[in-house]
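Undergrad: what's the 3D shape of this:
(one chain, ligands or ions: 1)
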Amino acid sequence: MPTSKPDSGAHLRPIELVGRDERVRIDFPLALAPMAGISDRPFRQLCHDQGAGLVINEMVSSKPELRNTRKSEQRRLRPDDPEPRAVQLLGNDPDDLAQAARQAYADGAQIIDINLGCPAKKVCRKAAGSALMAEPDTVARLLEATVEAVPCPVTLKMRTGPDDSQRNAPEIAHIAENAGIAMLSIHGRTRAQKYTGSAEYDTIAQVVAERGIPVLANGDIDSVPDAFHVLSATGAAGLMIGRAAFGRPWLFAQLRAALENRGVPEEPAPTEIMSFVRAQFEKIYSHYGNVMGVRIARKHWGWYSSRLPIEEGMRKEFNRLETIESQRHWLDRREADLT
Ligand SMILES: Cc1cc2nc3c(=O)[nH]c(=O)nc-3n(C[C@H](O)[C@H](O)[C@H](O)COP(=O)(O)O)c2cc1C
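TA: Now for the predicted structure:
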């Protein structure tokens, strides 16, 4: 996809995150949301190549007993991950979180993101993620301990509050700024909403107006008009994109071009979509190996293939393939059919 220099009226400006001893610049604050099971190394690389200025690694538990599992190992940052290297941590114990932050920093993290946004039951049963938004004092202790633990910037991801009667994101944002948090990302839903209803941007706008640290607005941004709408509704310094990028990493190139006042690339043709599939799947195979690689490729194929002119029964055939080689050969044939 074509890239050219932004003109001086670009809609997003670089932001600088200030940590205890280190500063990190995000040249273009258009972020891929941290998403467990999705924002893995292959997908982060692809979205970064398409223009995302920040790609946050999947969440890693701060519980010592979960830190050295195979899954945590696969999620560990590597020096060749796109910069700035950001990792998300989840936890409810200040010492565990501080220790996990130190470990992530030692692995090369340049930004530590803390998750107060996840509504998943598994997470909330441990009173972590968005369940903690109902416990502002605990939040303060967790954030202070993490900021104290690492020299790099620490950021916070959250929702608008526990439920409709308690949209306390402004209070949590105040606590966060006082604790030394360098940036906030806010998903415009309450914890109780999970993913139902629509994202709401007034609470995000209130936080932007009240706080001095940059805010990324998140929730239901699916297109160029959505991006402009959310920016003007919130005044946020940047945007964060989650589900809209599934099987559609080129959305970042489109959003970036629009936000830099350049011509927006058209939706890719089927053969171009296949090139994205092939590029991502090869990365998946080398990152996860045969068994997991095959399974993870199936998940992404579901999203990509819904955008391709391939008949339903044929699309599903892919899910029955059991090896990398059979998936590759099958995709070779589909690619030939599409040209
Ligand atoms: C499959 C999936 C996994 C997610 N995992 C996380 C996570 O690990 N940490 C987190 O803070 N948010 C997580 N989220 C929430 C997203 O980061 C984002 O806030 C949410 O999807 C709303 O943005 P969107 O409307 O652009 O998708 C997840 C969302 C999805 C769909």
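
Undergrad: the helices in the stretch 1-150 of the chain, which residues?
TA: In the stretch 1-150 of the chain, the helices defined using DSSP state H, counting those that start in this stretch lie at 41-49, 64-67, 70-75, 94-106, 121-125, 136-149.

Undergrad: would you turn those helices into a markdown table with mean pLDDT, mean neighbour count and distance to the ligand?
TA: Every C-beta, even on glycine, is put in place using the N, C-alpha and C of the backbone. Output for these, formatted as a markdown table (pLDDT from 0 to 100; neighbours: other C-beta atoms under 10 Å; distance: least, C-beta to the nearest ligand atom, whole Å):
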| stretch | mean pLDDT | mean neighbour count | distance to the ligand |
| --- | --- | --- | --- |
| helix 41-49 | 97 | 21 | 11 |
| helix 64-67 | 70 | 13 | 14 |
| helix 70-75 | 79 | 13 | 10 |
| helix 94-106 | 94 | 20 | 14 |
| helix 121-125 | 49 | 13 | 8 |
| helix 136-149 | 96 | 19 | 14 |
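
Undergrad: residues contacting the nearest residue to P214 once chain neighbours are set aside?
TA: Leaving aside its sequence neighbours, P214 sits nearest to A237 (C-beta to C-beta, 6 or more residues apart in numbering; 3.9 Å). Going by C-beta atoms under 8 Å, 6 or more residues apart in numbering, A237 touches L12, R13, I15, P29, V208, P214, V215, L216.

Undergrad: from memory E16 sits against D27, does it?
TA: No: E16 is not in contact with D27 according to C-beta atoms under 8 Å; the separation is 10.2 Å.

Undergrad: any idea which element T160 lies in?
TA: Using DSSP states H and E, T160 maps to strand 154-161.

Undergrad: which other helices and strands contact that strand?
TA: The helices and strands touching strand 154-161, judged by 3 or more C-beta pairs under 8 Å, 6 or more residues apart in numbering; DSSP states H and E, are strand 111-116, helix 136-149, helix 169-179, strand 183-190, helix 202-210.

Undergrad: E22 is nearest to which of the helices of the stretch 1-150 of the chain?
TA: Of all the helices of the stretch 1-150 of the chain, it is helix 94-106 that lies closest to E22, at 9.6 Å by C-beta to C-beta.

Undergrad: what's the closest one packed up against?
TA: Using 3+ C-beta pairs under 8 Å, 6+ apart: helix 94-106 touches strand 54-61, helix 64-67, strand 86-90, strand 111-116, helix 136-149.

Undergrad: Can I get the ones you listed in TSV including distance to F281?
TA: Formatted as TSV, those follow (distance: least, C-beta to C-beta, whole Å):
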stretch	distance to F281
strand 54-61	18
helix 64-67	28
strand 86-90	24
strand 111-116	27
helix 136-149	36
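
Undergrad: Report pLDDT for the residue in the stretch 101-250 of the chain that the ligand sits nearest to.
TA: Here the residue of the stretch 101-250 of the chain nearest the ligand is G242; by C-beta to the nearest ligand atom that distance is 2.6 Å. The score at G242 is 98. That number is its pLDDT.

Undergrad: Ok, the one 10 residues further on next?
TA: The pLDDT attached to F252 in the predicted structure is 98.

Undergrad: can you check L338 too?
TA: For L338, pLDDT reads 89.

Undergrad: That one: neighbouring residues, count only.
TA: Using other C-beta atoms under 10 Å, L338 is surrounded by 15 other residues.

Undergrad: The nearest residue to it once chain neighbours are set aside: neighbour count?
TA: With C-beta to C-beta, 6+ apart as the criterion, L338 has its nearest non-adjacent residue at 4.7 Å, and that residue is P270. Neighbour count for P270, taken as other C-beta under 10 Å: 15.
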